[in-house]
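Asker: Whatever this is, show me its structure:
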Amino acid sequence: MLKTTYQEVRLSVAFSHEEKQIIRQRNLLKIKLLDRRPANARVDDRDEKFELRVSHLMNEQVDRFLCANPSQAKIYEDNLLEVLGQMKLWLDDNAETGSRTVVEF
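Answerer: Model prediction:
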């Protein structure tokens, strides 16, 4: 039998209570973070089936993604880190309320 070896990239995100509240208040659960297609996907599989969404990362659920080789796994990991960094910045910006500014004329 033919064997195919895949590289698995696992992701688990631990959101703070405050971040979870921001996600729920802003209705971000259905936001798509990344388009992706695993190495073992069939040709007739729909692309929407493999999208990474915020809801997949809630409650510290582990997201597993298969890559064809170590190079693709590293590229995928870099893309994940970039997207998660942007999401963290957005959540931090929305966590703080703006300060009051007085302008004199």
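
Asker: tell me the centre residue of the protein?
Answerer: The chain has residue 33 as the residue nearest its centroid, 4.9 Å off, counting by CA atoms, centre = their mean.

Asker: Report the distance from the helix or strand containing it to the chain centre.
Answerer: In the assignment (DSSP states H and E), residue 33 maps to strand 32-34. Between the centre of strand 32-34 and the centre of its chain there are 6 Å (CA atoms, centre = their mean, to the nearest Å).

Asker: packing partners for that strand?
Answerer: Identification of packing neighbours for strand 32-34 by 3 or more CB pairs under 8 Å, 6 or more residues apart in numbering; DSSP states H and E yields strand 52-53, helix 70-95. Every residue, glycine included, has its C-beta placed from N, CA and C.

Asker: Tell me where the model's unsure across the chain.
Answerer: 1-2, 96-99 (pLDDT under 70).

Asker: run the last query once more with 90
Answerer: 1-5, 16, 26-28, 37-50, 56, 58-61, 90-105 (pLDDT under 90).
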